[in-house]
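**Student:** sequence first, then the predicted structure:
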Amino acid sequence: MNPVSTPARLSMTQVLVCGALIVTLSMGIRHGFGLWLQPITMDRGWSRETFAFALAVQNLAWGLAGPLAGMWADRFGAFRVLVVGSVLYALGLAVMASATSGAGFLGGTGLLLGMAQAGTTYAVIYGVIARNVSAEKRSWAMGVTAAAGSFGQFLMVPVENWLIAGTGWQNALFVLSLAALLIIPLAFGLKEPPRAAAPGVQQSVGAALKEAFTYRSFLLLMAGYFVCGFQVVFIGVHLPSYLKDGGLSPQVATVALALIGLFNVFGTYAAGSLGQRLAKRHILAAIYLLRAVAIVLFISLPLTPMSVYVFSAVMGLLWLSTVPPTNAIVAQIFGVQYMSMLGGFVFLSHQVGSFMGVWLGGLLYDATGSYDVVWWIAIALGVFAALVNLPVRETAIVRAQPAAA
């Protein structure tokens, strides 16, 4: 048997366990950042926009660094990227805790943590999955990993709230800084053997980028993912303050964020599993439309703990459920050679949306004293995303001839 035709792979169980634990840490830590908005701004005397802008830059830096981290992972393997990302994560949290100026807070919370998340979350992990899990199980495997990230959100929010209450917001961030370093030993489980070159002419990076950015379905996926980022980051960061402004206790916000994480476990797993049987574009369109409906009902009904919990459970089912089908479509269309890089570019669009959602949330709140305008923007964008995903073509791209090396 020709060894070039059957490259060595990591076991699927090993990839899923280590990948899931890494995503649990990286996504779980960041999901609770909204809990720090009020204690930090009150202690430092900053406006909400200062905090929101730093998180907006974090999401933008995450998106901009994502394609580079993905390119590095595609070429040299995910292990190195994960180690660097873990160190940056720990450093960024430490700077977030110790910064006394808006510029210092922006550097740690925005730039360092943004770059760290690019190297420790889905684009890098999904590249490993795509290369080591067969196409028949790929969407399901991505759903399992996304579900693990959701469980991390459910697990870490009450832990972070407990740390803030018991040790103070600064010490809580230092504890999380140490926790972020646990990604390094887990990264050894994703250290892939050297990959032999596949037979035939290989596609270059430039050819892969030109192919993707001139392909209509890739651009439509990016447009939909922009909306995903806008909605989830606006809600994740500003929901606690929205509830407090409505007269609800901080415990309600903690339970709400935890419920989003808990129900997201089921939503992402279901989306990954359904992606093996149903058209992924239809799954994505349904998710975005249901988000819009859920937000309309939430802001139209009286604000009570029960309405918050129901909204959080519904949004949880729809929260990261866009991730498995979106990434599975990318791998299905373009193959796995540049999966992490192309996934990073799609995620860049997501993070531009995240930047707009979290920043406009703070800016328009300071300007109007209300989040109403941003809620309605999120609704309109949900309808838009549902429509643009419907014409996406999921079949493998037809290449007339191999791209030049």
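**Tutor:** The structure has been received and is ready for your questions. Residues are numbered from 1 along each chain as shown.
**Student:** what about the host helix or strand of residue 270, distance to the chain center?
**Tutor:** Following DSSP states H and E, one finds residue 270 within helix 250-274. Distance of helix 250-274 from the chain centroid (CA atoms, centre = their mean, to the nearest Å) equals 14 Å.
**Student:** which neighbouring elements make contact with the following helix or strand past that helix?
**Tutor:** Proceeding C-terminally, helix 250-274 gives way to helix 280-300 as the next helix or strand, assigned by DSSP H and E. Judged by 3 or more CB pairs under 8 Å, 6 or more residues apart in numbering; DSSP states H and E, helix 280-300 is in contact with helix 216-245, helix 250-274, helix 305-318, helix 323-334, helix 372-389. Quick note: C-beta positions are derived from backbone N, CA and C, even for glycine.
**Student:** point out the most buried one among the ones you listed.
**Tutor:** helix 323-334 (a mean of 27; mean count of other CB atoms under 10 Å).
**Student:** now do the helix or strand just after that one against helix 216-245, angle only.
**Tutor:** Where DSSP H and E defines the elements, the next helix or strand beyond helix 323-334 is helix 339-368. Helix 339-368 runs at 40 degrees relative to helix 216-245, counting by axes from the mean of the first three to the mean of the last three CA atoms, to 10 degrees.
**Student:** okay, buried residues for helix 339-368 please.
**Tutor:** 339-365 (16 or more other CB atoms under 10 Å).
**Student:** what is the longest helix of this protein by residue count?
**Tutor:** The residue-count maximum for a helix in the chain (DSSP state H) belongs to helix 135-167.
**Student:** how distant is it from the center of its chain?
**Tutor:** Counting by CA atoms, centre = their mean, helix 135-167 comes out at 11 Å from the chain centroid.
**Student:** which neighbouring elements make contact with that helix?
**Tutor:** helix 12-31, helix 122-132, helix 169-180, helix 250-274, helix 323-334.
**Student:** relative to residue 92, which of those helices is closest?
**Tutor:** Residue 92 lies closest, by CB to CB, to one member of the helices and strands packed on helix 135-167: helix 169-180, at 8.2 Å.
**Student:** does that closest one pack against any helices or strands, and if so which?
**Tutor:** Packed next to helix 169-180, using 3+ CB pairs under 8 Å, 6+ apart, are helix 12-31, helix 37-44, helix 78-98, helix 135-167.
**Student:** what comes into contact with the second one?
**Tutor:** Residues external to helix 37-44 that are found in contact with it (CB atoms under 8 Å, 6 or more residues apart in numbering): 46-48, 50-52, 100, 105, 164, 169, 237-238, 240-241, 244.
**Student:** low-confidence regions, the stretch 301-405 of the chain specifically.
**Tutor:** 399-405 (pLDDT under 70).
**Student:** oh, that last question was meant for the stretch 101-250 of the chain, not what I typed.
**Tutor:** 153, 195-201.
**Student:** how many neighbouring residues does residue 369 have?
**Tutor:** Neighbour count of residue 369, defined by other CB atoms under 10 Å: 9.
**Student:** would you list the helices and strands packed on helix 135-167 in TSV and tack on distance to residue 310?
**Tutor:** Listed next are these as TSV, based on distance: least, CB to CB, whole Å:
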stretch	distance to residue 310
helix 12-31	20
helix 122-132	28
helix 169-180	29
helix 250-274	9
helix 323-334	23
